[in-house]
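1. Quick one: sequence plus predicted model below, questions after.
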Amino acid sequence: MEKLKKRWNIKSNWAIIAILLAFSVNGSFATFVAKPLTEFIGINAETHGWVFWVIRIPLIFIIYQITLPIAGWLFGQFQFFWAMEKKMIKRMGLGFLIKT
């Protein structure tokens with residue numbers, strides 16, 4: 001726990017628990033939302049095989065990245081997740097989309 005607190009620059013054990021919960025809830029939410037979106041597009045695993053996964057995995061990633069700050073806010077850790085999102089956006093070469 002101490003290594004995470006130092007690495008993430010947080011003070012309490014509750015913050016670690018809240019962050020881990022936000023990660024897990026958001027991951028479940030992203031996969032939950034991606035299913036009806038792929039069905040709406042008309043793609044499913046049985047009929048389209050690997051094409052389904054080529055579309056679904058990036059879709060889950062996009063939903064996850066968009067909703068992560070919201071999940072962080074729900075768990076009282078918005079600043080942590082917003083800083084993480086800004087870092088991720090810069091690493092993807094899309095830093096021009098955000099103000100620093």
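-> That came in fine, so what should we check first? Small disclaimer: the values here were computed from a predicted structure and weren't measured. Residues are numbered from 1 along each chain as shown.
2. Neighbours of Ser28, how many?
-> 11 (other C-beta atoms under 10 Å). C-beta: built from backbone N, CA, C; applies to glycine.
3. Leu20 too?
-> Using other C-beta under 10 Å: Leu20 sits among 12 other residues.
4. and if you look at the one 10 residues further on?
-> Residue neighbour count, defined by other C-beta under 10 Å, stands at 20 for Ala30.
5. Also Pro69?
-> Neighbours of Pro69 using other C-beta under 10 Å come to 21.
6. if I look at Arg56, how far off is Gly27?
-> 14 Å (C-beta to C-beta, to the nearest Å).
7. Overlap in contacts, these two.
-> Shared contacts of Arg56 and Gly27, defined by C-beta atoms under 8 Å, 6 or more residues apart in numbering, are absent.
8. Comparing those two, which shows the higher neighbour count?
-> Between Arg56 and Gly27, Arg56 has the larger neighbour count (other C-beta under 10 Å), namely 20 against 16.
9. and the one helix or strand the more buried one maps to, how far from the chain's centre?
-> Arg56 is part of helix 50-74 when elements are defined by DSSP states H and E. Relative to the chain's own centre, helix 50-74 is displaced by 6 Å; criterion: C-alpha atoms, centre = their mean, to the nearest Å.
10. tell me what that helix is packed against?
-> helix 13-41, helix 78-91 (3 or more C-beta pairs under 8 Å, 6 or more residues apart in numbering; DSSP states H and E).
11. Nearest residue to the middle of this structure?
-> Tyr64 (3.2 Å; C-alpha atoms, centre = their mean).
12. so who does that one touch?
-> 26-27, 30.
13. what would the helices and strands packed on helix 50-74 look like in CSV with mean pLDDT and distance to Arg7?
-> Output for the helices and strands packed on helix 50-74, formatted as CSV (pLDDT from 0 to 100; distance: least, C-beta to C-beta, whole Å):
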stretch, mean pLDDT, distance to Arg7
helix 13-41, 93, 10
helix 78-91, 89, 12
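14. Quick check: buried residues in the helix holding Arg56?
-> Residues of helix 50-74 classed as buried: 52, 55-56, 59-60, 63-65, 67-69, 71-72 (neighbour count, 16 or more other C-beta atoms under 10 Å).
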